[in-house]
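A.B. asks: Model the following, please.
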Amino acid sequence: MKSSRLCTVSIRCGAISLILSAAVVVGADDWAQFRGPGGLGIGQASSLPSDWSDTRNIVWKTELPGTGTSSPVVFKNRVFLTCQTGYAVDPDNLGDINDLKRHVLCLDAESGDSLWTWDAETVLPEIDTPRFRSYTSSTPAVDDEGVYCFFGKSGVVALDHSGNLLWQTSVGKETHGWGSASSPILYQNLVIVNAFVECGQLVALDRKTGEEVWRAGELKESWNTPLLVTLPNGKTELVVAISGKILAFDPASGQELWSCDGHRWYIVPSLVAHEGIVYCLSGKGAEAAKAVRAGGRGDVTDTHVLWTTRKGSNVSSPVYHEGHLYFAHDVSGIAYCLNASTGDVVYENRLPRAGGVYASPVIGDDKLYYLSRWGGTMVLAAKPEYELIARNVLEDQRDVNSSPAISNNRLFLRMNRYLYCIGEN
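C.D. replies: Predicted structure coming up:
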């Protein structure tokens, strides 16, 4: 693995505060799961670059051994991500699926140097043509004791921070033509995964042993990562969207708490929440976006839905910021800003030459980052007025589906075959 440092790394000074979220303690600069702290896409940063190129504002660039669509995570100055080799790496020569290998990578966040690689065995038979031909779509989750990765029918694995296998557990043997995509989340002593593809249920595993603690739900057409929602009374609910419904569970026991009629379409975007209000997107229909007040019991369709709108997204997740909801439609490349209280459209503007947006946006340093598949990274002002600050294109930016990570005033972007660390010179 080749790594090059293109500028001097600055050292950030100051005290590090701690965040307590659903009984999982992470540092303020950690981006320890899909979409960062709480899965909300918000990064703690005081200075992030607005513009970069292959020769400007690149702290380091590291070549990856294979491809993948999972996103990087950052924990205590280490970067973790997954990739695949042996099959479906070259789009013009897929190879033999029996040679498919999955890998967990650990890099030094300061230099991009490889610290270790763990190789996973593939449980066959696998679907031979998943969407985007990715077998590593799930983003790892990390805590002080382990790195937790989900590889579909090949199971959930836990590694220690030296790359040693702690446990591996199967959550089901089914496959799907679009592959598996949901990422694991951590709650108290549990690793929780949306195993719709593999068994049609949510599955909670003991973090130390990998033993199954509970299964719940009858999931349909659901590729989104579950969300832990903190209510105003301090209690926590686990919320997931499926075709036709939004479901909420007790994350400790798996008991279903409430349900709401939802989008009758497959659900890929992950939900976000703010002050007990859950926001859910889908790709089409009269209710392509919906706001629901959490905390109810039973069917809350007639009592807890706050608003619906036809504006939505097929793949990319939304982000909430200062009373507004921001997202981009994956195919059209149109960026939306909605009033989070009413659902009214504040703006809808086409991003320049976006070429589709499948990655989920993130916000840091009052800037909104949209990573497009082919057209670069669009940087917008995080305000309810469309203002394009910059469009940044890197040489390796093609077929990009991974969401950015924010840590220590830097952006971590996964392109086709390289991982970039971007920071102000």
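
A.B. asks: so where is this structure shaky, pLDDT-wise?
C.D. replies: Low-confidence segments of the chain, defined by pLDDT under 70, span residues 1-28, 130-132, 354.

A.B. asks: ok, and for stretch 209-228, which residues are buried?
C.D. replies: Using 16 or more other C-beta atoms under 10 Å as the test for burial, stretch 209-228 gives 210, 213-214, 216-217, 219, 221-228. Where C-beta positions appear, they are placed from N, C-alpha and C, glycine not excepted.

A.B. asks: out of these, who's nearest residue 51?
C.D. replies: Minimum separation from residue 51 among the buried residues of stretch 209-228 (C-beta to C-beta) is found for residue 225, which lies at 30.2 Å.

A.B. asks: do you know how far that closest one is from residue 272?
C.D. replies: Counting by C-beta to C-beta, to the nearest Å, the gap from residue 225 to residue 272 is 11 Å.

A.B. asks: between the two, what contacts are shared?
C.D. replies: Among the neighbours of residue 225, those also in contact with residue 272 (C-beta atoms under 8 Å, 6 or more residues apart in numbering) are residue 39.

A.B. asks: Would you mind pulling up the elements that the helix or strand residue 214 falls within packs against?
C.D. replies: Assigning secondary structure by DSSP states H and E places residue 214 in strand 212-216. Packing contacts for strand 212-216, counted by 3 or more C-beta pairs under 8 Å, 6 or more residues apart in numbering; DSSP states H and E, involve strand 201-206.

A.B. asks: Tell me which residues of the helix or strand hosting residue 246 come out buried.
C.D. replies: Element membership of residue 246 [criterion: DSSP H and E] is strand 245-249. Along strand 245-249, the positions that meet the burial threshold by neighbour count (16+ other C-beta under 10 Å) are 245, 246, 247, 248, 249.

A.B. asks: for the fourth one, what are its contacts?
C.D. replies: In other words, residue 248. Under the criterion of C-beta under 8 Å, 6+ apart, the neighbours of residue 248 are 229, 237, 238, 239, 256, 257, 258, 259, 294.

A.B. asks: Need the nearest residue in space to residue 273, chain neighbours excluded.
C.D. replies: The shortest distance from residue 273 to any non-neighbouring residue, by C-beta to C-beta, 6 or more residues apart in numbering, is to residue 229 (4.5 Å).

A.B. asks: Show me what that neighbour is bridged to.
C.D. replies: Note on residue 229: beta-bridge partners by DSSP bridges are residue 237.

A.B. asks: what sits against it?
C.D. replies: Counting by C-beta under 8 Å, 6+ apart, residue 229 touches 236, 237, 238, 239, 248, 273, 276, 278, 294.

A.B. asks: Surely the last one and residue 277 touch.
C.D. replies: Yes. Here residue 294 reaches residue 277: they are 7.2 Å apart, a contact under C-beta atoms under 8 Å.
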